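*Asks:* My questions are about this predicted structure, shown below with the sequence.
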Amino acid sequence: MLDINKTETENKLIIKLAGRLDTNTAPELNKTIQKDLKDINELIYDLSELIYISSAGLRVILLTQKIMSKQGSMKIINTQDMVMEVFNATGFTDIINIE
Amino acid sequence: MNIENLIDDNLTYSGKCHKELILKGKEAYDNLMKSSKNPLKYNTELLMKILNDNKDTEYGKKYDFANIKTIKEYQEKVPITTYDDYAEYIYRMTEKGEDNLITVYDVNHYAKSSGTMGNPKRIPVSILSEKNFTKYVTAYNLYMMYKELGGNWINYPVLNLVELSFSKLKNGADYASISGKIIKEYDENLTKIMTSPIEAIMPKLETDTRYLHARFALTQKISYVFTSFVSLFLESVRYITANWELLVEDIEKGTINDSIKMSEDVRKNLLKKIKPMPERAKQIRKIFEETDDKLIVPKLWPELCCISGVGTGGFANYLDKIKEFAGDDFNFYLTGLTASEGSFSVPFELNNGEAMLIPDSMFYEFLPLNFESYDEICTIDELEVGKKYEIVTTNLSGFYRYRMKDIIKVIGKKNETPIIEFLYRLDQCLSLTGEKINEDHLRKTVYTTEEELGFNLIDFSVYADSDSSPMKYVFLLEIESLPEEINLDLIKETINKNFAIAEPLLGYKIEKGILNKADVKLLQAETYLLYKDLRVAKGTSSAQVKPPRMIRDDLTKRFFLVLLDEELNQ
């Protein structure tokens, strides 16, 4: 189960994820970023309520980073410890701005 | 139809190039069949030519090439070597511009090859050797396709998935992979014979080449696919299947979706080359909407006749997976053993991974596996079917009695010439208590288990766990869909049974309690795709990313261990 809450102000979009970003829910987030990132030049992923992320979820985050690197910036905030451990172990912290 | 009789006026540019190569390939095939009847004669003649040509080089003088008249004298006078024996010479060649050191032949290319300690090697590739690559890698391949499949394909371009990355050395020579060198021969005409644009063939780091190869291939007829490893084509097809709506929309409108990563100047250049193709978009959409199974390749590209690439050993597993998309009667040209040092073997028919040594490509010697003395070294006529050997080469680029560290098995003979199968690299083994676990052991274990249990394996890796007591090997598997009746315990049991069959010493050690039973952990879906995406994001060419079958560093181990499937591993 994944809740995707979006807050858009001008060209800035905050996507707050709650629940699990896994094989079942990653396609939903993928659809969101494919259609909602147009004209966005600042993207923030708020992961304060994301409790689990899998390989499929990480691939969507990576894809978002690919898109945003072309049109603006992206950062991840409020990451929970368990998810942060995954970011650290997979090397995401080397290529994505995670606060 | 006889290839000579094809009239040039009826051929496209691709057709003319293919015809020229097929003719060269026929000559190579005829020579090979002739030399294969007496391989030692041709191999000895080649050695004597190499020694005579190079007798006045620094290396030739040092080892008195001028007075060597027999193989025995050669073995007595010239030492067996490794890369370190040439490092100083190669430094002088590439940094100081000196020549006539190890070879008299012109060298304008050095192949990038990963060193065992992480320092990239510079393997010299002489122009003479380059010609051999063209002959036995490209031309021979096309002739085999023409010989067995006819010529309906020859007028169409190639889907090339090998990407080129060139740099220059101080002496002006090219420094790149050998596959890149083969392709670069076409130079400015590359895009006339390939479906992909130059932006995908010689890409900038940030360019999403998966999209570009797919996008441009979908709008054209394709003769065949040329790739380093057949798995890359599988990945392309999977990419198309997952992203067909985006691709179709772009083809229809003549656009490149904003989510596709590339620099602005690359995008601008590419947009100049494309135009809306609504009819083709309609055809592709219909194919995907109406196809219930995965069989899309023959519908997208009816003219596509073959895939050429490495599809044996660690890549054999991908052939059946490709057939799910391409059909059971799809053809493969499974390239033999080719390395920067030369072309060692070629297949003698399509769809057969067996490959025969090429007697006029280099001079061969072979060290039996687990040899105790160099005296055991043998020549091409002395190999025994069923035995394993390490190849020692004297090549056309200045290496003499050079240990390749590639282990092969002799599996038969074509005429009098050995047919070999590449098994593994000698310096790539896992060992916990002195046993040497190589990739061949691991592949046999995992693929037999996959076959016995009937699951669909995406990929696997193994690491040696020296922290546990007793120590153990750990298999990490990504499985596409696990049948209900298969559980982790059954997989572990089957893996252990097959591991002990693949390497009986292991079974003995486990029984004696020296080693623990192998463990198995299941990875989350898309883990190997993520591994590849991350490597590409960090700058590795997508064509070069291979799954790490043997994990030997903590960072990679950590990556996989954090991506275990918590539910399946319970």
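*Replies:* Yes, it's here.
*Asks:* In chain A, mark out all the helices, start to finish.
*Replies:* For chain A, the helices defined by DSSP state H occupy A:26-36, A:55-71, A:81-90, A:92-95.
*Asks:* Out of these, which is the most enclosed?
*Replies:* Ranked by mean neighbour count, these are led by helix A:55-71 with a mean of 21 (mean count of other C-beta atoms under 10 Å in any protein chain shown). Glycine gets a C-beta too; all of them are placed from N, C-alpha and C.
*Asks:* What average pLDDT does that one get?
*Replies:* Averaging pLDDT along helix A:55-71 yields 91.
*Asks:* ditto for stretch B:153-162
*Replies:* The average pLDDT for stretch B:153-162 rounds to 93.
*Asks:* Other residues contacting it?
*Replies:* With C-beta atoms under 8 Å, 6 or more residues apart in numbering or on different chains as the test, stretch B:153-162 has contacts from B:6, B:11-12, B:14-15, B:18-19, B:22, B:145-146, B:179-180, B:183, B:192-196, B:201, B:213, B:217, B:220-228, B:232-233, B:236, B:303-306, B:543.
*Asks:* Now intersect those residues with the strands, please.
*Replies:* B:224, B:225, B:226, B:227, B:228, B:306 (DSSP state E).
*Asks:* got a winner among those for most neighbours?
*Replies:* Counting neighbours by other C-beta atoms under 10 Å in any protein chain shown, the top entry in the ones in strands among the contacts of stretch B:153-162 is residue B:225, with 29 neighbours.
*Asks:* which residues does that one contact?
*Replies:* Residues near residue B:225 by C-beta under 8 Å, 6+ apart: B:158, B:159, B:160, B:161, B:233, B:304, B:306, B:307, B:308, B:309.
*Asks:* And for residue 97, the neighbour number?
*Replies:* Just so you know, I chose chain A. If you count neighbours by other C-beta under 10 Å, residue A:97 ends up with 13.
*Asks:* not what I meant, chain B
*Replies:* Per other C-beta under 10 Å, the neighbour tally for residue B:97 reads 12.
*Asks:* For it, pull up the helix or strand it's in.
*Replies:* Per DSSP states H and E, residue B:97 falls between elements, in no helix or strand.
*Asks:* Can you check the pLDDT for it?
*Replies:* At residue B:97, the pLDDT value in this model is 94.
*Asks:* List phi and psi for the residue lying closest to it once chain neighbours are set aside.
*Replies:* In space, and not counting its chain neighbours, residue B:97 is closest to residue B:171: 4.5 Å by C-beta to C-beta, 6 or more residues apart in numbering or on different chains. Main-chain dihedrals, residue B:171, degrees, to the nearest 10: phi -80, psi 10.
*Asks:* ok, residue B:171 touching residue B:101?
*Replies:* No: using C-beta atoms under 8 Å, residue B:171 makes no contact with residue B:101, being 12.0 Å away.
*Asks:* Give the burial count for whichever residue of chain B sits closest to chain A, as a bare number.
*Replies:* Proximity to chain A, evaluated over chain B using C-beta to the nearest C-beta, is greatest for residue B:562 at 3.8 Å. A count of nearby residues for residue B:562, using other C-beta under 10 Å, gives 18.
*Asks:* picking up where we left off before, need the helices of chain A in TSV (columns: distance to residue B:401).
*Replies:* What follows is the helices of chain A, written out as TSV (distance: least, C-beta to C-beta, whole Å):
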stretch	distance to residue B:401
helix A:26-36	54
helix A:55-71	46
helix A:81-90	44
helix A:92-95	43
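*Asks:* among those, which is nearest residue B:464?
*Replies:* Shortest distance between residue B:464 and these, using C-beta to C-beta, is found for helix A:81-90: 19.2 Å.
*Asks:* name the helices or strands packed onto that closest one?
*Replies:* In terms of contacts (3 or more C-beta pairs under 8 Å, 6 or more residues apart in numbering or on different chains; DSSP states H and E), helix A:81-90 is packed against strand A:42-53, helix B:554-561.
*Asks:* which of the ones you listed sits most buried?
*Replies:* Mean neighbour count (mean count of other C-beta under 10 Å) peaks for strand A:42-53 among the helices and strands packed on helix A:81-90, with a mean of 19.
*Asks:* what angle do the helix or strand of chain A with the lowest mean pLDDT and strand A:42-53 make?
*Replies:* Ranked by mean pLDDT, DSSP states H and E, the helix or strand of chain A with the weakest confidence is helix A:26-36, at a mean of 88. Interaxial angle, helix A:26-36 versus strand A:42-53 (axes from the mean of the first three to the mean of the last three C-alpha atoms, to 10 degrees): 170 degrees.
*Asks:* does chain B sit close to helix A:26-36?
*Replies:* Yes: applying C-beta under 8 Å from any C-beta of the partner chain, one finds helix A:26-36 in contact with chain B at A:33, A:34.
*Asks:* what residues does that helix touch?
*Replies:* Counting contacts by C-beta under 8 Å, 6+ apart, the residues outside helix A:26-36 that touch it are A:2, A:4, A:6, A:8, A:13, A:15, A:17, A:21, A:54, A:56-57, A:59-60, A:63-64, A:67, B:246, B:259.
*Asks:* Off-centre distance for it?
*Replies:* 10 Å (C-alpha atoms, centre = their mean, to the nearest Å).
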